[in-house]
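Colleague: pasting the sequence and the predicted coordinates here, then a few questions.
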Amino acid sequence: MCDMGGLDNLIANTAYLQARKSSEGDLRELQKRRKSLSLPPPDVCRKEIKDTIILDFQSICVDQPIGRRQFRDFLKSVPEYLMVQELLDEIHDWELEEGSAKEQLLQSLVCAIQVKNTGQMYACKKLDKKRLKKKNGEKMALLEKEILEKVHSPFIVSLAYAYETKTHLCLVMTIMNGGDLKYHIYNVGEKGLEIKRVIFYSAQICCGILHLHSLNILYRDMKPENVLLDDNGNCRLSDLGLAVKVKEGQPINTRAGTNGYMAPEILKEENYSYPVDWFAMGCSVYEMIAAQTPFRDPKEKPNKDEVKRKTLEDPVTFNHPNFTPETKDICKLFLAKKPEERLGSRSNDDDPRKHNFFSSINFNRLEAEMVDPPFVPDPSVVYAKDIADIADFSEVKGIDFDEKDNKLFKRFATGAVPISWQQEIIDTGLYDELNDPNRQSSGKYSFSDGEKKSGVCSII
């Protein structure tokens, strides 16, 4: 059987290492492409921008990376607004001051890719169209893409582009080369993680789950295998294939998740909501410490019925010596059998980040990515299982597409995600190049018969 976790990390990591060894010819080609780019005239895109962007301060001046930058540049250009700029900076610094009180049903192939115009590296998740249709997974793939479009958090993988080829639907996302937490728990050094790493990763995971819940999104597949590390050692939630939108008046009772991490209410096929993510969070914290899930004995042969029984009936026990009093307490609260008694769900303002387990974490600084991770992955190491453990995909035969399929594929392939694209343009320096008044561009922006074309659009 194919080990997808190993395949994801092996391909992404090795290809990424090769891409970082760019030759002089590659750099010249990148420079040539960037010189060919140019911005469209303001009058051409003004109406489209007004029709597609929410015209409020939060959206334009805070959420949109280019809008945020332009707003600050504007403040700097007007003398009487300089005080406003300084005030915003002071508020930002104060909020970040130390001590301040204040989610495998669909198989996929992942590879590393590089955007030709900017040089930015990403991971590309390729979903086989025929396999999707055979398993009735087309709508689930579209739902994952639509959910990823809404998510903008440093603790969840970001979607940058969505496109289709003749055979695949492709999601271009944040590249994560540090491996998943499951690999680190069981394959790097002694089994289990140091407590400082457990606290750090748990804090980032909590922030990611809270961001999803704020968007009315239920993760449903929280487990260490779905938490990936980047080059710097920060972690992000990945694989939102089982995520679902929570809608008022529409109860959720479909069995979904991974055995050993599913909450009692899912196992009993009752209606459930956000508390199931916190139960899975408790299972994950426990596993990071003990290198086993709370309701499964690694010495026993895996048995789904026994894991279900233990999850529903048995109290959680803490036999590993690395469980501190705070760790035991937060695990007990996350693993409460009744959802209304579970940490994060006991009241409307029940925030897991307030627990003493996180007393060493300044969440304002953490969310601003100003806290140094306790572990930095070695860039020369591939954090994945041996290639011998990875099998090839078999070709899916006897599947034909109809007009309904083609319409869904077109809904999927919407191109660049605005906020992620803006951040890429800024991070790679292309924004400054395009706005340099002395820049000479060989690119042309032309349109005819109402069709707009831009050199920026042909990304991959």
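Modeller: Received the coordinates, thanks. Computed from a prediction, not measured in an experiment: that's the story for all the values here.
Colleague: what's the host helix or strand of Ile66 packed up against?
Modeller: Using DSSP states H and E, Ile66 falls within helix 65-77. On a contact count with 3 or more C-beta pairs under 8 Å, 6 or more residues apart in numbering; DSSP states H and E, helix 65-77 meets helix 82-95, helix 418-427. Backbone N, C-alpha and C define where each C-beta goes, glycine included.
Colleague: pull the distance from it to the chain's centre.
Modeller: With C-alpha atoms, centre = their mean, to the nearest Å as the basis, helix 65-77 stands 27 Å off its chain's centre.
Colleague: now do the buried residues in it.
Modeller: Pro65, Ile66, Gly67, Phe71, Leu75 (16 or more other C-beta atoms under 10 Å).
Colleague: before we move on, what about stretch 194-214?
Modeller: Counting neighbours by 16+ other C-beta under 10 Å, stretch 194-214 gives 195, 197-213 as buried.
Colleague: returning to what we had before: ok, of the helices and strands packed on helix 65-77, where does mean pLDDT dip lowest?
Modeller: Ranked by mean pLDDT, the helices and strands packed on helix 65-77 end with helix 82-95 at the bottom, a mean of 60.
Colleague: past it, which element shows up next along the chain?
Modeller: strand 109-114.
Colleague: partners of that next one, with directions?
Modeller: With DSSP bridges as the test, strand 109-114 is paired with strand 121-128 (antiparallel).
Colleague: can I get the buried residues of helix 65-77 in JSON lines with pLDDT and distance to Met281?
Modeller: Formatted as JSON lines, the buried residues of helix 65-77 follow (pLDDT from 0 to 100; distance: C-beta to C-beta, whole Å):
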{"residue": "Pro65", "pLDDT": "79", "distance to Met281": "30"}
{"residue": "Ile66", "pLDDT": "78", "distance to Met281": "35"}
{"residue": "Gly67", "pLDDT": "76", "distance to Met281": "34"}
{"residue": "Phe71", "pLDDT": "79", "distance to Met281": "36"}
{"residue": "Leu75", "pLDDT": "76", "distance to Met281": "40"}
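Colleague: ok, so of the residues you listed, who is nearest Asp239?
Modeller: Ranked by distance to Asp239 (C-beta to C-beta), the buried residues of helix 65-77 are led by Pro65 at 25.2 Å.
Colleague: please determine how far the residue most central in space within the chain is located from Ile426.
Modeller: Geometric centre of the chain, nearest residue: Val157, 1.7 Å, by C-alpha atoms, centre = their mean. Separation of Val157 from Ile426 (C-beta to C-beta, to the nearest Å) stands at 19 Å.
Colleague: ok, now His184?
Modeller: Note on His184: its distance to Ile426, by C-beta to C-beta, is 31 Å.
Colleague: more crowded one of those two?
Modeller: His184 (23 against 15; other C-beta atoms under 10 Å).
Colleague: give the helix, strand or coil label for the residue nearest to Phe323 when sequence neighbours are not counted.
Modeller: Sequence neighbours aside, Ile289 is the residue nearest to Phe323 in space, at 5.9 Å (criterion: C-beta to C-beta, 6 or more residues apart in numbering). Per DSSP: H, G, I helix; E, B strand; the rest coil, the secondary structure class of Ile289 is helix.
Colleague: just give me the neighbour total for Ile289.
Modeller: By other C-beta under 10 Å, neighbour count at Ile289 equals 23.
Colleague: contact partners for it?
Modeller: Applying C-beta atoms under 8 Å, 6 or more residues apart in numbering, one finds that Ile289 lies in contact with Gly192, Leu193, Ile195, Val198, His320, Asn322, Phe323, Thr327.
Colleague: just grab the bridge partners of the nearest residue to Cys124 once chain neighbours are set aside for me.
Modeller: Closest residue in space to Cys124, ignoring its immediate chain neighbours: Ile113 at 4.6 Å, by C-beta to C-beta, 6+ apart. Beta bridges link Ile113 to Tyr122, judged by DSSP bridges.
Colleague: does Ile113 really touch Val172, like I thought?
Modeller: Yes: using C-beta atoms under 8 Å, Ile113 is in contact with Val172, at 6.7 Å.
Colleague: sorry, back to before: quickly note the distance from the residue nearest to the centre of the chain to Ile217.
Modeller: For Val157, the distance to Ile217 - C-beta to C-beta - is 14 Å.
Colleague: do the same with Leu312
Modeller: 26 Å.
Colleague: so between the two, which is more surrounded?
Modeller: Just comparing Leu312 and Ile217: by other C-beta under 10 Å the higher neighbour count belongs to Ile217, 22 against 14.
Colleague: who does the more buried one bridge with?
Modeller: Beta bridges link Ile217 to Lys245 when assigned by DSSP bridges.
Colleague: mind checking the longest helix of the protein?
Modeller: helix 195-214 (DSSP state H).
Colleague: show me the strands in this protein, by range?
Modeller: 109-114, 121-128, 159-164, 168-173, 217-218, 227-229, 235-237, 244-245, 415-416, 447-448, 451-452 (DSSP state E).
Colleague: what average pLDDT does the fifth one get?
Modeller: When the per-residue pLDDT values of strand 217-218 are averaged, the result is 96.
Colleague: same thing with the third one?
Modeller: Confidence over strand 159-164 (mean pLDDT, whole number) is 91.
Colleague: okay, buried residues for that strand please.
Modeller: Under the neighbour-count criterion of 16+ other C-beta under 10 Å, strand 159-164 has Leu159, Ala160, Tyr161, Ala162, Tyr163 buried.
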